[in-house]
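Undergrad: the following comprises the amino acid sequence and a computationally predicted model.
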Amino acid sequence: MVEIDAEIPTADGTMGTFIVHPDTEGPHPVVLFLMDAPGKRPLLHDMARRIASNGYYVMLPNLYYRSTPEFELDFASKESYRRMVELMGNIGNKMVGRDAGALLAHAAGDAAADAGRVGCVGYCMSGPFSMWVAAEYPGQVKAAASFYGVRLHVDSADSPHLRLGEVEGELYVGCAEHDDYVPLDMVDRFEAAMQASNVRGRLERYWGTHHGFAFDDRPAYDAAADARHWAAMLDLFDRNLHR
């Protein structure tokens, strides 16, 4: 495997990005792996490696780069949690949409990447970002996934549900049953919006799980749900990104 710590220029600064891909048989389809709120950290690097081992050029950016070159939540620190909340408030769908453009431009200049075949995945904070990126780059993003994504269907002009009709790729949305950030009525409304838009894809409820079930650094980690989420995500990417 090839691993690179890249500094990718954007209109707002320099975005530190972990890139990992197989060292043979390229070019590889690109997967944008958008971090959750606790930040770009070793767990996510390991997840990026796992995705890449299935034949992908994976890009994991620090989405907080406008405020800080690095951040990793200390789960035991209230001060660290307050800092995370502050950082989360400084980014949004439109910003990350622009960031995705910078990532794809970088990938287009790398012979190891096929920037015409793109997947995207987001968790928690970045679940709506993944949906937004799919709408922002419909010709390139062939598949996008959200796991316990927040703010998928809200009363806002940049709510992801409003752009589902622009998505050309296939979507997968996995939601926890017990989620203080994503109540089941929001899940139901987003599913109805998917159906009304005729977007390709499906939404699944992971019954018995809580927000954060796919990350083993969270108290809500659920090994069975984690395995299910990996199977769903890799199947989505395999069907849509590999020729």
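TA: Looks like it came in fine.
Undergrad: list the residues that contact the spatially most central residue of the chain.
TA: The centroid of the chain falls nearest to residue 122 when counting by CA atoms, centre = their mean (2.0 Å). Applying CB atoms under 8 Å, 6 or more residues apart in numbering to residue 122 gives the contacts 34, 36, 128-131, 145-147, 149. Yep, even glycine has a C-beta here, placed from its N, CA and C like the rest.
Undergrad: which strands and helices lie in contact with the longest helix along the chain?
TA: Longest helix in the chain, counting residues (DSSP state H): helix 223-241. Secondary structure elements in contact with helix 223-241, counted by 3 or more CB pairs under 8 Å, 6 or more residues apart in numbering; DSSP states H and E, are strand 28-34, helix 42-52, strand 113-123, strand 141-147, strand 170-178, strand 201-210.
Undergrad: chain center to it, what's the gap?
TA: 13 Å (CA atoms, centre = their mean, to the nearest Å).
Undergrad: quick one on the thing from earlier: could the helices and strands packed on helix 223-241 go into CSV alongside mean pLDDT?
TA: Formatted as CSV, these follow (pLDDT from 0 to 100):
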stretch, mean pLDDT
strand 28-34, 98
helix 42-52, 98
strand 113-123, 98
strand 141-147, 98
strand 170-178, 98
strand 201-210, 98
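Undergrad: and those as JSON lines, adding distance to residue 219?
TA: Formatted as JSON lines, these follow (distance: least, CB to CB, whole Å):
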{"stretch": "strand 28-34", "distance to residue 219": "22"}
{"stretch": "helix 42-52", "distance to residue 219": "14"}
{"stretch": "strand 113-123", "distance to residue 219": "15"}
{"stretch": "strand 141-147", "distance to residue 219": "17"}
{"stretch": "strand 170-178", "distance to residue 219": "12"}
{"stretch": "strand 201-210", "distance to residue 219": "8"}
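Undergrad: which of these sits closest to residue 59?
TA: strand 28-34 (5.5 Å; CB to CB).
Undergrad: so residue 150 is in which element?
TA: Secondary structure from DSSP states H and E places residue 150 outside every helix and strand.
Undergrad: what is the burial count for the spatially closest residue to it that is not a sequence neighbour?
TA: Of all residues not flanking residue 150 in the chain, residue 181 sits nearest, at 4.7 Å (CB to CB, 6 or more residues apart in numbering). The number of residues packed near residue 181 is 16, by other CB atoms under 10 Å.
Undergrad: my read is that residue 181 contacts residue 149, right?
TA: No: the pair residue 181 and residue 149 fails to qualify as a contact (CB atoms under 8 Å) at a distance of 9.2 Å.
Undergrad: now the common contact residues for those two.
TA: Counting by CB under 8 Å, 6+ apart, the residues touching both residue 181 and residue 149 are residue 124.
Undergrad: most widely separated two among the contacts of residue 122?
TA: Most distant of the contacts of residue 122, by CB to CB, are 36 and 131, 14.9 Å apart.
Undergrad: neighbour count: these two, which is higher?
TA: residue 131 (30 against 26).
Undergrad: wait, a helix at that one?
TA: Yes: the assignment for residue 131 is a helix, going by DSSP: H, G, I helix; E, B strand; the rest coil.
Undergrad: next, find the distance separating the residue lying closest to it once chain neighbours are set aside from residue 189.
TA: Leaving out its chain neighbours, the residue that sits closest to residue 131 by CB to CB, 6+ apart is residue 160, at 3.9 Å. According to CB to CB, to the nearest Å, residue 160 stands 12 Å off from residue 189.
Undergrad: joint contacts of the two?
TA: residue 153.
Undergrad: more neighbours: these two, which one.
TA: Just comparing residue 160 and residue 189: by other CB under 10 Å the higher neighbour count belongs to residue 160, 28 against 15.
Undergrad: so what's the residue lying closest to residue 163 once chain neighbours are set aside up against?
TA: Among residues not flanking residue 163 along the chain, residue 135 sits closest, at 3.7 Å (CB to CB, 6+ apart). Neighbouring residues of residue 135 by CB under 8 Å, 6+ apart: 160, 163-164, 166-167.
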